[in-house]
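K.L.:
Sharing a model prediction with you, sequence too.
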Amino acid sequence: MKTALWKTFALLAVVSMLGALCVVPAAAQEPGKVDEAWYAKAAEPYKGVTITGVSESTPPSKYAAEVLAPAFEKMTGIKVKFEVTSWDQMYDKEMKDMEAGTGLYDFVYLEQDIVYAYMARNFLVDLDQMMKDKPELVRPGFNWDDFVAFANYFKDPKTGHMMGMPMESFLKTVVYRTDLFGDPKIKEAFKAKYGYELAPATTFQQYRDIAEFFTQWGKDNNMELWGTVVQAHTGHVASWYEQVESILPAFGVYNWGINKDNWKACVANGGQMNSDRAKEALTWWLGNLKYAPPEATSSTWDEIAASFAAGRAAMGWEYCENLGWIGRDETKSKVIGKFAVALPPLYKGVLEDAKAGKGYIGYYDGGAYAIPVGSKNKEAAFLWLMYIGDPGIQAGWAIAGTRITMKATLDDPAVKEMDKQLGGYFTFYKEYSSLFAGAPPFPFHASVREVVAPFFFRAITGELTPSDALDQACAAAEEELVREGYGK
């Protein structure tokens, strides 16, 4: 009972910080300079039109809804009705609308990992074709080459045409507490125990040592401090995503362990989902729960950010879109000026794979806004997308949401200044983003995820061993792939 109460209180403390995930910092309320005269003229035929969109409730989307949409409406006379909600509700709403073709939404959030399923079902307006058909709606000087490489994930593999306007990209990598890692007393104690200098881990054993050390340090010093956050929710796909996005690639298992030549997942059939390496990765990750805050098994991507911001962990993989508020919001974060980013620990050969284009070291996340084919206001929505891709608004958006879509943004003086508050994240992004990758181009992404994730849940709760969980998961994945028309 005492343990249960402690977990409850700990979780409540973290939940109290979650409001920060959607806060747009007051200092970043200016949308930036654009050619207002051009937008006003291009929008004349659509003045008074209302376009409706839906997006996930993240810092970048909140900024778009609260700052960019009002500015666009004032400039063009086109009203933007913006629904910002949870990922689950967003996905459900836009999917139902596009499947039925009702035209309820004129633009939708298009997450990179699900884009190929949308393309396969012809849900989206071809933006390149629309640019050709409606040249008067194309902003002068617009060029897809101005975008970072992440934009390529929104190209139709068949045509090479863009199907969405990139609105965010960010990395998921290790974030660590510089105040703890740099404390002389802590450094001395760590070296005395483990025999090497305390620094961000480059191997999995080092990561485990550091997690163990800081968990014990917290106990010995009466601190609510653990070694690492772990995104290990026992009933939410976030835990599965942490495995396939971050942990498996770091161990050298790519594309979920699915063989893209024959669409098989089990080792016996040429896959890697239940390989010895994959089992080692899952076993290692589950072992970190011993050194994680008690809310770990209730944590999705939101809660791990809140736990770190609350000062409850020394390090952990984090979606870096949250660093903006973690690094600046004094009402929500206790680690302002006390963190930096680092490459994750890697299995031997993984970094070389990534540099050679044969693999990747972690997750390159992000999204775009796209126009459903059922939209009744495609032209007005397209102008909104032109605004989303305007260089003039990018710096303010990057500062508010820690997101990047255009190359030049990284060299903006305001963004460079902000970089200092984010532990060098933008510099890190510029140098290392090419080593990270988005989700593999699987049209079956959602269906395979749904049949595989429950085995991970059961491994977290201890109902299944890591070995049994992955053996059963790969078999379930292959059955689903066959149902989807793959690997027959």
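P.N.:
Thanks, I have the structure now. The structure displayed is predicted, hence computed values, not measured ones.

K.L.:
which residues touch the helix or strand containing residue 416?
P.N.:
With elements taken from DSSP states H and E, the one containing residue 416 is helix 413-419. Outside helix 413-419, the residues within contact range by C-beta atoms under 8 Å, 6 or more residues apart in numbering are 395-396, 398-399, 409, 425-427. The C-beta positions use only the backbone N, C-alpha and C, and glycine is treated the same way.

K.L.:
Most neighbours among the residues you listed, please name it.
P.N.:
residue 398 (28 neighbours; other C-beta atoms under 10 Å).

K.L.:
other SSEs contacting whichever strand or helix holds residue 281?
P.N.:
Assigning secondary structure by DSSP H and E places residue 281 in helix 276-287. Secondary-structure packing of helix 276-287 (3 or more C-beta pairs under 8 Å, 6 or more residues apart in numbering; DSSP states H and E): helix 204-220, helix 248-250, helix 445-461, helix 466-483.

K.L.:
Let me know whether residue 458 touches residue 470 as I believe.
P.N.:
No - here residue 458 does not reach residue 470: they are 11.2 Å apart, not a contact under C-beta atoms under 8 Å.

K.L.:
Give me the more crowded residue out of these two.
P.N.:
Ranked by neighbour count (other C-beta under 10 Å), residue 458 and residue 470 place residue 470 first, with 29 against 17.

K.L.:
distance of residue 90 from residue 209?
P.N.:
From residue 90 over to residue 209 the distance is 40 Å, taken as C-beta to C-beta, to the nearest Å.

K.L.:
Hmm, I typed the wrong one, I wanted residue 228.
P.N.:
In terms of C-beta to C-beta, residue 228 sits 11 Å off from residue 209.

K.L.:
can you check residue 418 too?
P.N.:
Taken as C-beta to C-beta, the span from residue 418 to residue 209 is 33 Å.

K.L.:
who's more crowded, those two?
P.N.:
The neighbour comparison of residue 418 against residue 209 (other C-beta under 10 Å) goes to residue 418, with 23 against 19.

K.L.:
and the more buried one, what pLDDT?
P.N.:
pLDDT recorded at residue 418 is 94.

K.L.:
do the same with residue 227
P.N.:
The model reports residue 227 with a pLDDT of 98.

K.L.:
correct me, but it touches residue 214?
P.N.:
Yes - Residue 227 sits in contact with residue 214 when judged by C-beta under 8 Å, with a separation of 4.3 Å.

K.L.:
which neighbours do these two share?
P.N.:
Contact criterion C-beta under 8 Å, 6+ apart; residues shared by residue 227 and residue 214: 291, 313-315.

K.L.:
Turn those residues into TSV, including pLDDT.
P.N.:
As requested, those are arranged in TSV below (pLDDT from 0 to 100):
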residue	pLDDT
291	98
313	98
314	98
315	98
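
K.L.:
so how many other residues sit close to the residue lying closest to residue 98 once chain neighbours are set aside?
P.N.:
The spatial neighbour of residue 98 that comes closest, neighbours along the chain excluded (C-beta to C-beta, 6 or more residues apart in numbering), is residue 123 at 4.4 Å. For residue 123, the neighbour count with other C-beta under 10 Å is 23.

K.L.:
Work out which residue lies at the spatial centre of the protein.
P.N.:
Nearest to the geometric centre of the chain sits residue 365, at 4.0 Å (C-alpha atoms, centre = their mean).

K.L.:
and that one, which of the three is it?
P.N.:
Per DSSP: H, G, I helix; E, B strand; the rest coil, the local secondary structure of residue 365 is strand.

K.L.:
Specify the beta-bridge partners of it.
P.N.:
Counting by DSSP bridges, residue 365 forms beta bridges with residue 170.

K.L.:
Residue 230 versus that one, what's the distance?
P.N.:
18 Å.

K.L.:
Also residue 99?
P.N.:
To residue 230, residue 99 is 35 Å away according to C-beta to C-beta.

K.L.:
What strand or helix carries the closest residue to residue 80 other than its chain neighbours?
P.N.:
Spatial nearest neighbour of residue 80, excluding adjacent residues (C-beta to C-beta, 6+ apart): residue 69 at 3.9 Å. Using DSSP H and E, residue 69 falls within helix 69-76.

K.L.:
Can you tell me what sits against that helix?
P.N.:
For helix 69-76, contacts defined as C-beta under 8 Å, 6+ apart pick out 31, 34, 36, 39-40, 42-43, 46-47, 78-80, 82, 383-384, 387.

K.L.:
what about 10 Å?
P.N.:
Under the criterion C-beta atoms under 10 Å, 6 or more residues apart in numbering, residues 29-32, 34-44, 46-47, 49-51, 53, 63-64, 78-82, 380, 383-384, 386-388, 390, 393 lie in contact with helix 69-76.

K.L.:
my read: residue 249 touches residue 351, true?
P.N.:
No - the pair residue 249 and residue 351 fails to qualify as a contact (C-beta atoms under 10 Å) at a distance of 11.1 Å.

K.L.:
And the two? Which one has more around it.
P.N.:
Neighbours were counted for residue 249 and for residue 351 using other C-beta under 10 Å; residue 249 has more, 28 against 16.

K.L.:
residues in contact with that one?
P.N.:
Residues in contact with residue 249 (C-beta under 10 Å, 6+ apart) are 243, 255-256, 281, 344, 346-347, 350, 353-354, 359-363, 435-437.

K.L.:
can you check residue 262 too?
P.N.:
Contact analysis of residue 262 by C-beta under 10 Å, 6+ apart lists 269-271, 481, 486-488.

K.L.:
try residue 120
P.N.:
Counting by C-beta under 10 Å, 6+ apart, residue 120 touches 156-158, 441-444.

K.L.:
Restricted to buried residues, select the residues you listed in PyMOL.
P.N.:
To isolate the buried ones among the contacts of residue 120 in PyMOL, judged by 16 or more other C-beta atoms under 10 Å, type:
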select buried, resi 156+441+442+443+444
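
K.L.:
Which of the contacts of residue 120 fall in helices?
P.N.:
Using DSSP state H, no member of those sits in helices.

K.L.:
What segments of the protein are strands?
P.N.:
Along the chain, counting by DSSP state E, strands occupy 50-56, 79-85, 107-111, 165-177, 315-319, 339-342, 363-370.

K.L.:
circling back to that earlier point, take the contacts of helix 69-76 and keep only those in helices.
P.N.:
In this view, these that belong to helices under DSSP H are 36-42, 63, 380, 383-384, 386-388.

K.L.:
Between all of these, which two are at the greatest distance?
P.N.:
Distance extremes for these: the farthest pair is 41 and 63 at 26.0 Å, using C-beta to C-beta.

K.L.:
Mean neighbour count, the strands of the chain: which tops it?
P.N.:
Among the strands of the chain, strand 107-111 has the highest mean neighbour count (mean count of other C-beta atoms under 10 Å), at a mean of 28.

K.L.:
so what secondary structure elements neighbour that one?
P.N.:
Identification of packing neighbours for strand 107-111 by 3 or more C-beta pairs under 10 Å, 6 or more residues apart in numbering; DSSP states H and E yields strand 50-56, strand 79-85, helix 87-100, helix 115-120, strand 165-177, strand 363-370, helix 378-388.
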